[in-house]
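K.L.:
Sequence plus predicted model, see below.
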Amino acid sequence: MGKPAKIFVCTRGKKCPKRGSEKILEELQAEIERQGAEESVEVKGCKCLDLCKKGPVVVVLPSKVKYGRVETSDCAEIIKTHKAGEDTVERLVIKKKKK
Ligand code: FES
């Protein structure tokens, strides 16, 4: 099995915590337990990811995919997806602005 995916939730920025990022972190942790994903997914709080308008923001390593406007109801799907491997939850991905 590969390295575990690391999920970081912006809990130390100025905006995301006001939009409930602590709850997202808790819910992701609860889902890891529910799905028995401890071996394949880790979740931690982190500092501002400079995408404050899209908060609560979540970034997943190693793919560096970023999710925005994450809700507690999305957490089960996020864990399920990253437990399985390389896939992403497409509907939550923050699209890069075209230059
Ligand atoms: S406050 Fe969360 S990305 Fe900036």
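P.N.:
Everything's here; your move.
K.L.:
Let me see the mean pLDDT of stretch 89-99.
P.N.:
Mean per-residue pLDDT for stretch 89-99: 85.
K.L.:
Can you list the buried residues in it?
P.N.:
By neighbour count with 16 or more other Cβ atoms under 10 Å, stretch 89-99 contains the buried residues 89, 92, 94. In this view, the C-beta of every residue, glycine as well, is placed from N, C-alpha and C.
K.L.:
which outside residues touch that stretch?
P.N.:
Outside of stretch 89-99, the residues that reach it under the criterion Cβ atoms under 8 Å, 6 or more residues apart in numbering are 51, 54, 57-58, 65-70, 74, 77-78, 81.
K.L.:
With secondary structure and neighbour count added, can I get those in TSV?
P.N.:
As requested, the contacts of stretch 89-99 are exported to TSV (DSSP: H, G, I helix; E, B strand; the rest coil; neighbours: other Cβ atoms under 10 Å):
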residue	secondary structure	neighbour count
51	coil	19
54	helix	21
57	coil	27
58	strand	31
65	strand	20
66	strand	21
67	strand	24
68	coil	18
69	coil	14
70	coil	26
74	helix	20
77	helix	13
78	helix	24
81	helix	19
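K.L.:
Could I get the CA-only coordinates of stretch 78-91 as CSV?
P.N.:
Provided in CSV are the C-alpha atoms of stretch 78-91 (Å, rounded to 0.1, in the frame of the first residue of the first chain):
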residue,chain,number,x,y,z
ILE,A,78,-13.9,12.8,0.7
ILE,A,79,-12.6,10.1,3.0
LYS,A,80,-14.1,7.3,0.9
THR,A,81,-12.5,8.8,-2.3
HIS,A,82,-9.0,9.3,-0.8
LYS,A,83,-9.1,6.0,1.0
ALA,A,84,-9.4,4.4,-2.3
GLY,A,85,-6.4,6.1,-4.0
GLU,A,86,-5.8,8.7,-6.5
ASP,A,87,-9.4,9.9,-7.3
THR,A,88,-10.7,13.3,-6.4
VAL,A,89,-14.2,14.5,-5.5
GLU,A,90,-14.5,16.5,-8.7
ARG,A,91,-17.5,18.6,-7.7
